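Trainee: Quick one: sequence plus predicted model below, questions after.
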Amino acid sequence: MNIGITKKAIRPVLTAAAFFWVMQFAAIPALAQNVQVSVNNVLNYGSGSELRDLGMTEADKEYFENFSDVRILADNVILGFRLEYSQPAEYGPDFSGFRRKFIGYQRDGLDIRIGDLYALHNRGLSLNLFEDRVIRYDTSLEGARAEYETDFFRVKALAGTINYLEHLTFEDPGEPREEIYRVRSAALELKPDRRIRFGGAYTYAEGELPFFGEVDTVKTFLPEAFVSVRLPFARIHAGYNFRRMDLNSVADSTTGGGFYGTISHTGGGYGITLEYKNYSYDIVDPFARRGDPLRNTRMSPFQSPPIAHKEHSYSLMTRDPHLVNFNDEVGFFLEGFYSPARRYNINASVAMASLHHAWVTRPEEGFGFFKERKGPVWFPSLVDERDPYWEVYTDFEYLFPDFTSYVKVAYNHRNRLFYNAFNPDFNEKIRANTFVLDVQYALTSQWSVKVISEHRFVHESILQDDSDFYDQMLSLQIARSPNFSFGGRFESTTYEFDTSGEKRWYTVEASYRIGRSHTVMASYGRERGGFVCTNGVCRFVNAFDGFRFSLMSSF
């Protein structure tokens, strides 16, 4: 396996380096003229092999990416752009050139931006435009946005075009799925008192979506209202939106909506938060369209409501995550913390979600599935026919007197069921218990050691075949603050059907900080792969065997 930098990669490396250093020295005279220049550069390189198509195909993998984000600030004007070179990209289509170009103006509560931009209304029920390069998800809008805020109100409006590339189709044969949306949106927030805020938003979009080799035109209408109240004993927030879609390929319009609410209370050394979600943007039966995650009637990609469950940071807790069904899901998330003393912290949470209805067959009434009410539709259920999911999490942390060293123990239980409406005897059930021991100890004021030991016990029932297996991961990191760290990870499983065909994975990694501006990171080994999620948007990372290198620079 070749892990060296090929000749193909040498030219872009030199180009990126030259651009970075030119910008750095160009900033010196600019600062003298009251102009501030900042540059953040990320260079990624990898060489090895990866398993694709759920482990069916092994292929050589080499990628080179360089992202240079530049910001120029002169008084109240900001100019920004990104110079990107992804040839080839680690995940997604290749690209070379400038993107994320924008110019903005800020003064006395007024904020105007023209070019590529992101935006968020309320909690994202109607509009949440963001980018996450790890999962290669991007809903940026090319257009204009204006916002004005005072002590009593805030108003904003935007208009432009979203060229959305479906990140789940990047590895499919042919071109990735592309959806085009022309969006117009406005939001108003009133603040009559420091304890209350309320308002609304309206989003309208005209889209062009693929439909069996042709183009399906769609019009989307999204009105929304929300209120936030701060009481002496709690903070309360609630938002509701309604969605109507008119599609060229469907005779009638489709309608749906979403509700999200949260209430939180904090006191001396404790706090508790309750979240509730009720999303019904596209409720369909399991036979007709639910099996198509990219159907044109699904929740629009420029929406991204709260997920109302915990996204874990420990590796084994991210295995088999709950994938939020924004089109048809009701659930809640209850989380609390308690600190009986300065050096003790206890956290706990419970989450539960399910479909709104059960879908059953009735041979006496004809072919197809019929919606059946089993339990209240406004509350999640543990009935098999409603695809129930629930999990609990808790951890206890003890801080040593230096407040740098600590010991944390954590536990997670997750229970999921996928109901097979065609044959209920062939449901898929997964029950997992995960235990974590996380220890960090400061040897001196500069040297520290961090060890994480994770253990996962899984019971899986698929096609009436029960199996039990065990996953283990051990991570070790030795660091000399603030410049150097070295460590590795080892993972093993007794699972017989892992898509990689392996049972052991190892990785060694190191990072070194050069001055105040540059950090070099490198790793080598075999990575198991798995899901990576951000706010409920997930992608599957293929198993990888090889070398990775990153250089992050900023000034």
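Mentor: That came through fine.
Trainee: And the strands in the stretch 151-300 of the chain?
Mentor: Using DSSP state E, counting those that start in this stretch, the strands of the stretch 151-300 of the chain run over 153-165, 178-193, 196-211, 214-230, 235-247, 254-267, 270-280.
Trainee: Redo those strands as a markdown table? Include mean pLDDT, distance to Ser126 and mean neighbour count.
Mentor: Bear in mind the C-beta positions are built from the backbone N, C-alpha and C, glycine included. A markdown table is the format used below for those (pLDDT from 0 to 100; distance: least, Cβ to Cβ, whole Å; neighbours: other Cβ atoms under 10 Å):
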| stretch | mean pLDDT | distance to Ser126 | mean neighbour count |
| --- | --- | --- | --- |
| strand 153-165 | 96 | 12 | 18 |
| strand 178-193 | 96 | 8 | 17 |
| strand 196-211 | 95 | 5 | 18 |
| strand 214-230 | 95 | 4 | 17 |
| strand 235-247 | 95 | 5 | 19 |
| strand 254-267 | 95 | 9 | 18 |
| strand 270-280 | 97 | 12 | 19 |
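Trainee: Kindly present those strands as TSV, with separate columns for distance to Phe102.
Mentor: Converted to TSV, those look like this (distance: least, Cβ to Cβ, whole Å):
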stretch	distance to Phe102
strand 153-165	11
strand 178-193	16
strand 196-211	21
strand 214-230	24
strand 235-247	27
strand 254-267	30
strand 270-280	31
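Trainee: Of all those strands, which one is nearest Phe333?
Mentor: Nearest to Phe333 among the strands of the stretch 151-300 of the chain is strand 270-280; the distance by Cβ to Cβ comes to 4.3 Å.
Trainee: Quick one: closest of the strands of the stretch 151-300 of the chain to Pro301.
Mentor: The closest of those to Pro301 is strand 153-165. By Cβ to Cβ, the value is 5.1 Å.
Trainee: hmm, back to that, among the strands of the stretch 151-300 of the chain, which is nearest Asp116?
Mentor: Per Cβ to Cβ, nearest to Asp116 of those: strand 153-165, 8.8 Å.
Trainee: Which secondary structure elements does that closest one sit against?
Mentor: Under the contact criterion of 3 or more Cβ pairs under 8 Å, 6 or more residues apart in numbering; DSSP states H and E, strand 153-165 touches strand 141-149, strand 178-193.
Trainee: Next, the angle from the first one to strand 153-165.
Mentor: The reference is to strand 141-149. 170 degrees (axes from the mean of the first three to the mean of the last three Cα atoms, to 10 degrees).
Trainee: ok, back up a step: what's the closest of the helices and strands packed on strand 153-165 to Pro380?
Mentor: Between Pro380 and these, the shortest separation by Cβ to Cβ is 29.9 Å, and it involves strand 178-193.
Trainee: That closest one pairs with which strands, parallel or anti?
Mentor: With DSSP bridges as the test, strand 178-193 is paired with strand 153-165 (antiparallel), strand 196-211 (antiparallel).
Trainee: Between strand 214-230 and it, find me the angle.
Mentor: If you take the same axes, to 10 degrees, strand 178-193 sits at 20 degrees to strand 214-230.
Trainee: Stretch 519-526: which residues count as buried?
Mentor: Buried residues in stretch 519-526, counted by 16 or more other Cβ atoms under 10 Å: Thr519, Met521, Ser523, Tyr524, Gly525, Arg526.
Trainee: Just the closest of those residues to Phe469, please.
Mentor: Distances from Phe469 to the buried residues of stretch 519-526, taken by Cβ to Cβ, are shortest for Arg526, at 18.9 Å.
Trainee: Does the closest one touch Trp505 like I think?
Mentor: Yes - between Arg526 and Trp505 there is a contact at 4.6 Å, judged by Cβ atoms under 8 Å.
Trainee: got any residues that touch both of these two?
Mentor: Counting by Cβ atoms under 8 Å, 6 or more residues apart in numbering, the common neighbours of Arg526 and Trp505 are Ala543.
Trainee: The residue nearest to Asn163 when sequence neighbours are not counted bridge partners, please.
Mentor: The shortest distance from Asn163 to any residue other than its chain neighbours is 5.8 Å, reached at Ile180 (Cβ to Cβ, 6 or more residues apart in numbering). Note on Ile180: beta-bridge partners by DSSP bridges are Asn163, Glu208.
Trainee: What distance do you get for Ile180 to Phe549?
Mentor: 36 Å (Cβ to Cβ, to the nearest Å).
Trainee: Report how many residues lie close to the residue nearest to Phe170 when sequence neighbours are not counted.
Mentor: Distances taken as Cβ to Cβ, 6+ apart place Gly92 nearest to Phe170, at 4.7 Å, with adjacent residues excluded. By the criterion of other Cβ atoms under 10 Å, Gly92 has 21 neighbours.
Trainee: likewise Ser253?
Mentor: Using other Cβ under 10 Å, Ser253 is surrounded by 11 other residues.
Trainee: give me every residue that touches it.
Mentor: By Cβ under 8 Å, 6+ apart, the residues touching Ser253 are Arg244, Met245, Asp246, Leu247.
Trainee: Tabulate the residues you listed (JSON lines), appending distance to Asn412.
Mentor: Below are those laid out as JSON lines (distance: Cβ to Cβ, whole Å):
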{"residue": "Arg244", "distance to Asn412": "39"}
{"residue": "Met245", "distance to Asn412": "37"}
{"residue": "Asp246", "distance to Asn412": "43"}
{"residue": "Leu247", "distance to Asn412": "41"}
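Trainee: List just the nearest of those to Gly267.
Mentor: For these, the nearest to Gly267 is Arg244 (43.1 Å; Cβ to Cβ).
Trainee: what's across from that closest one in the sheet?
Mentor: Taking DSSP bridges as the rule, Arg244 bridges to Phe221, Thr255.
Trainee: what sits against the residue nearest to Tyr344 when sequence neighbours are not counted?
Mentor: Nearest residue to Tyr344, sequence neighbours excluded (Cβ to Cβ, 6+ apart): Tyr398, at 6.1 Å. Applying Cβ under 8 Å, 6+ apart to Tyr398 gives the contacts Arg343, Tyr344, Tyr406, Val407, Lys408.
Trainee: Do you know the pLDDT at Tyr398?
Mentor: For Tyr398, the model assigns a pLDDT of 97.
Trainee: Please name the bridge partners of it.
Mentor: Beta-bridge pairing of Tyr398 under DSSP bridges involves Tyr344, Val407.
Trainee: Residue most distant from the centroid, this protein?
Mentor: With distances taken as Cα atoms, centre = their mean, the residue sitting farthest from the centre of the chain turns out to be Glu364, at 44.3 Å.
Trainee: helix/strand/coil for that one?
Mentor: Following DSSP: H, G, I helix; E, B strand; the rest coil, the label given to Glu364 is helix.
Trainee: Now do it, the pLDDT please.
Mentor: 71.
Trainee: how far away is it from Arg184?
Mentor: For Glu364, the distance to Arg184 (Cβ to Cβ) stands at 49 Å.
Trainee: next one: Asp468
Mentor: Look at Asp468 and Arg184: by Cβ to Cβ, they are 54 Å apart.
Trainee: how about the residue lying closest to Asp282 once chain neighbours are set aside, secondary structure?
Mentor: Nearest residue to Asp282, sequence neighbours excluded (Cβ to Cβ, 6+ apart): Asn327, at 3.9 Å. Of the three states, Asn327 takes coil under three-state DSSP.
Trainee: Good, wrapping up.
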